[in-house]
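J.: quick one, what's the 3D model for this:
(one chain, ligands or ions: 2)
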Amino acid sequence: MDSRPFRSVLYIPGSKERALDKARSLACDAIIFDLEDAVAIEEKANARELLAKTLCAADYGPRAKLVRINGFESDWAELDLQVIAQARPEAILLPKVNSAADIEDLAARLDAMPQMAETKIWAMLETPQGVLNAGEIAAAPRMAGFVMGTNDLAKELGCRSRADRLPMQYALQTCLMAARAAGIVAIDGVYNAFKDGEGLRAECEQGRDLGFDGKTLIHPAQLAIANEIFAPDAEAIDLAQRQIAAFDAATAEGQGVAVVDGKIVENLHIVTARQVLSRAEAIKALQGAM
Ligand SMILES: CC(C)(COP(=O)(O)OP(=O)(O)OC[C@H]1O[C@@H](n2cnc3c(N)ncnc32)[C@H](O)[C@@H]1OP(=O)(O)O)[C@@H](O)C(=O)NCCC(=O)NCCSC(=O)C[C@H](O)C(=O)O
Ligand SMILES: [Mg+2]
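T.: Ligands and ions are numbered 1, 2, ... in the order given. Predicted coordinates:
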């Protein structure tokens, strides 16, 4: 799996020059440059050209850069790919993926484009078919990450939007399971009420507790909360360090188990503890490079 942090993944409409410019200084771990739903039909052609030009010229530093193209059922996708290829994007995010065949089709198109030789594929999981086929999609060629499209999914399911996201739990957990089985990144869906920090915090905490790597965001005001919630806090780092120290001491005495804060610590807990520490290090390194 990509070891870079993906705590905050910000959508930027490809048509918005000011937002494209602003993002170069925003504290986001990754950016989704959007040509799909955030761009009006009459803006599609302009957005594609503006985005290609911007990505060729502007420096977004260490932030991961994904381009969400339109789906291949539309009239725009083929041109999106052709024009964006000049910017050699590190990843193409394909919306409304229903099966591995959708990814195989995109991978074959990328294989035929020399500028896209290194380009990864990410998939939006936002249709019932996509969720049911999440396992095969995650394992398809060039796949590197899932992004949950909870707005489209709610529309397809006809479910209600609830603070506890109960109607979404099956889809969230199924996709997360598939991503983990294939060793790819998994990012939670957006929180639409971008001025509601308290609601965003609760939803980030839920996504983090489920196991997601981060959250997709729609406004800069959401960045700080996602960055905080999806990073190991001081308490988690302290616990990881104490678990490793206690386990090392136990091992030196020929024991296979240590006890920290009244709880057993075995080999598998040490794997998690080391992941916590390396995640904290990766975040520090990313922040230092911004
Ligand atoms: C939601 C918005 C339309 C609000 O825009 P606006 O009213 O312009 O916000 P502000 O005036 O508060 O903006 C302040 C400054 O921040 C910049 N800005 C705003 N949004 C972004 C952004 N996303 N990235 C970078 N910079 C941003 C403004 O330019 C202002 O800058 P300055 O003037 O220099 O101070 C708007 O935020 C927006 O368009 N957000 C993105 C919406 C979007 O991308 N939607 C599609 C993705 S969600 C989706 O499709 C989910 C999925 O598919 C599903 O099915 O769930
Ligand atoms: Mg969508």
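
J.: name the nearest residue to residue 58, ignoring sequence neighbours.
T.: residue 24 (6.0 Å; Cβ to Cβ, 6 or more residues apart in numbering). Every C-beta, even on glycine, is put in place using the N, C-alpha and C of the backbone.

J.: identify the residues contacting that neighbour.
T.: Contacts of residue 24 were listed using Cβ atoms under 8 Å, 6 or more residues apart in numbering, and they are 58, 59, 60, 61.

J.: most surrounded residue in those?
T.: Taking other Cβ atoms under 10 Å as the neighbour criterion, residue 60 ranks highest of the contacts of residue 24 with 19 neighbours.

J.: that one contacts residue 31, correct?
T.: Yes - with the criterion set as Cβ atoms under 8 Å, residue 60 and residue 31 qualify as a contacting pair; they are 6.4 Å apart.

J.: list residues touching both of the two?
T.: residue 23.

J.: reformat the contacts of residue 24 as a markdown table; add distance to residue 167, secondary structure and pLDDT.
T.: Shown next, in a markdown table, are the contacts of residue 24 (distance: Cβ to Cβ, whole Å; DSSP: H, G, I helix; E, B strand; the rest coil; pLDDT from 0 to 100):
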| residue | distance to residue 167 | secondary structure | pLDDT |
| --- | --- | --- | --- |
| 58 | 39 | coil | 93 |
| 59 | 41 | coil | 93 |
| 60 | 35 | coil | 96 |
| 61 | 38 | coil | 95 |
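
J.: quick one: which of these is nearest residue 103?
T.: When the contacts of residue 24 are compared for distance to residue 103, the smallest value, 25.2 Å, is given by residue 60; criterion: Cβ to Cβ.

J.: what does the protein have sitting close to ligand 2?
T.: For the chain, the residues in contact with ligand 2 under the definition Cβ under 5 Å from the ion are 126, 149, 152.

J.: change it to 8 Å
T.: Counting by Cβ under 8 Å from the ion, the positions of the chain adjacent to ligand 2 are 36, 37, 95, 96, 124, 126, 149, 151, 152.

J.: inside strands: which ones of those residues?
T.: The strands, defined by DSSP state E, take in residue 124 from these.

J.: drop anything exposed from the residues of the chain next to ligand 2.
T.: For those, a burial check counting by 16 or more other Cβ atoms under 10 Å picks out 36, 37, 95, 96, 124, 126, 149, 152.

J.: from those, which ones fall inside helices?
T.: Counting by DSSP state H, those place residue 152 in helices.

J.: about what we covered before: and which of the contacts of residue 24 is nearest ligand 1?
T.: Taking Cβ to the nearest ligand atom as the measure, ligand 1 sits nearest to residue 60 out of the contacts of residue 24, at 11.5 Å.

J.: what sits against the closest one?
T.: With contacts defined as Cβ under 8 Å, 6+ apart, the neighbours of residue 60 are 23, 24, 31.

J.: restrict the contacts of residue 24 to contacts with ligand 1.
T.: Among those, no residue lies close to ligand 1 (Cβ under 6 Å from any ligand atom).

J.: which stretches of the stretch 101-250 of the chain form strands?
T.: 120-125, 143-148, 185-188, 214-217 (DSSP state E, counting those that start in this stretch).

J.: just to revisit the earlier point, any idea how far the residue nearest to residue 58 lies from residue 43?
T.: 21 Å (Cβ to Cβ, to the nearest Å).

J.: measure the residue of the chain most remote from its centre to residue 137 for me?
T.: Farthest-out residue of the chain from its mean C-alpha position, per Cα atoms, centre = their mean: residue 253, at 42.2 Å. Noted for residue 253: a distance of 47 Å to residue 137, by Cβ to Cβ.

J.: can you pull the contacts of the residue positioned nearest the centre of the chain?
T.: Centroid-nearest residue in the chain, with Cα atoms, centre = their mean: residue 187, separated by 3.5 Å. Residues counted as contacts of residue 187 (Cβ under 8 Å, 6+ apart) are 6, 9, 145, 146, 147, 148, 212, 213, 214, 215, 216.

J.: quick check, residue 256 in contact with residue 265.
T.: No - the criterion here is Cβ under 8 Å, and residue 256 misses it with residue 265 at 10.1 Å.
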